[in-house]
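1. Need coordinates for the following:
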Amino acid sequence: MTPTPISRFPVLPREELPADLAERFAEVEERSGFLPNIFAALAWRPAEARAFFAMHDALMDKETPGLSKADRELIVVATSAGNNCLYCVVAHGAVARIRSRDPYLADQVAVDWRKAPLSPRMLAVLTVATRLAAEPAAVTEADLELLTAAGLSQDDVWDVGMITSLFALSNRLAHFAALLPNPEFFLMGRLPR
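-> As a prediction, the model looks like this:
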């Protein structure tokens, strides 16, 4: 069988990558054991790739009292499932399994987050995030109040909106490019190392 291309758009050979992206890709590959396809798919437009990864890192690589790294990944899983984005559900589901140390939770959230064993705070977060992902014009002040009543700070409330918005963009790009998840993601966080 011929391997399916990871994107409908050009994928640069490693030797043609700008030095900063090549260095980052090598670090990611060394840490995870493989290069997630999103990196290769975005690299043909280096300025956009840098901007996307900078926004991703600013939102996803931090812990706050209201949103752990695992919580942030679950926002991506729930909203990406609502947008039917296979790439993001599979990739961020893998990261959510690792960060939550729960091999089942990401799948439960992807299928029906309302029935997943989540705290009242995370149920509020996903209620608002999935509404923003599916019906952005329907989000009101009452939704923001639901988040603050659940214990989120103003910064955390903003992060819910920013994470949802960034991954709405990511979901649409993944669909547009027909981006496929790496096979490695499917088993990550399911079995002990």
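2. what about the longest helix along the chain, distance to the chain center?
-> Counting by DSSP state H, the longest helix found in the chain is helix 154-177. Relative to its chain's centre, helix 154-177 lies at 8 Å (Cα atoms, centre = their mean, to the nearest Å).
3. so where do the helices sit in this protein?
-> So, for the chain - with DSSP H - the helices run 19-32, 37-42, 46-60, 69-82, 86-100, 105-112, 120-134, 141-149, 154-177.
4. May I see the buried residues of stretch 142-162?
-> Asp143, Leu144, Leu146, Leu147, Ala150, Leu152, Asp156, Val157, Asp159, Val160, Gly161 (16 or more other Cβ atoms under 10 Å). Backbone N, C-alpha and C define where each C-beta goes, glycine included.
5. which among those residues gets closest to Ala54?
-> Taking Cβ to Cβ as the measure, Ala54 lies nearest Asp159 of the buried residues of stretch 142-162, at 15.3 Å.
6. and the closest one, what pLDDT?
-> Here the pLDDT value assigned to Asp159 is 98.
7. Next up, the contacts around Leu146.
-> Ala124, Thr127, Val128 (Cβ atoms under 8 Å, 6 or more residues apart in numbering).
8. For the first one, grab the count of nearby residues.
-> What it means is Ala124. 20 (other Cβ atoms under 10 Å).
9. And it, how far from Phe176?
-> Ala124 sits at a distance of 31 Å from Phe176 (criterion: Cβ to Cβ, to the nearest Å).
10. ok, now the last one?
-> Counting by Cβ to Cβ, the separation of Val128 from Phe176 is 26 Å.
11. Now the residue nearest the centre of the chain. Nearest residue, chain neighbours left out?
-> Centroid-nearest residue in the chain: Val76, 4.2 Å away (criterion: Cα atoms, centre = their mean). Leaving aside its sequence neighbours, Val76 sits nearest to His92 (Cβ to Cβ, 6 or more residues apart in numbering; 4.1 Å).
12. okay, now the one you found: neighbour count?
-> By other Cβ under 10 Å, neighbour count at His92 equals 30.
13. do Tyr104 as well
-> Residues within reach of Tyr104, counting by other Cβ under 10 Å, total 12.
14. ok, it to Cys85 distance?
-> From Tyr104 to Cys85 the distance is 21 Å (Cβ to Cβ).
15. Now do the same contact list for Lys115.
-> Gln108 are the contacts of Lys115 under Cβ under 8 Å, 6+ apart.
16. Mind pulling the model confidence for it?
-> For Lys115, the pLDDT comes out at 98.
17. cool, and Asp155?
-> So Asp155 comes in at 97 (pLDDT).
18. any idea how far Gly66 is from it?
-> Distance from Asp155 to Gly66, by Cβ to Cβ: 8 Å.
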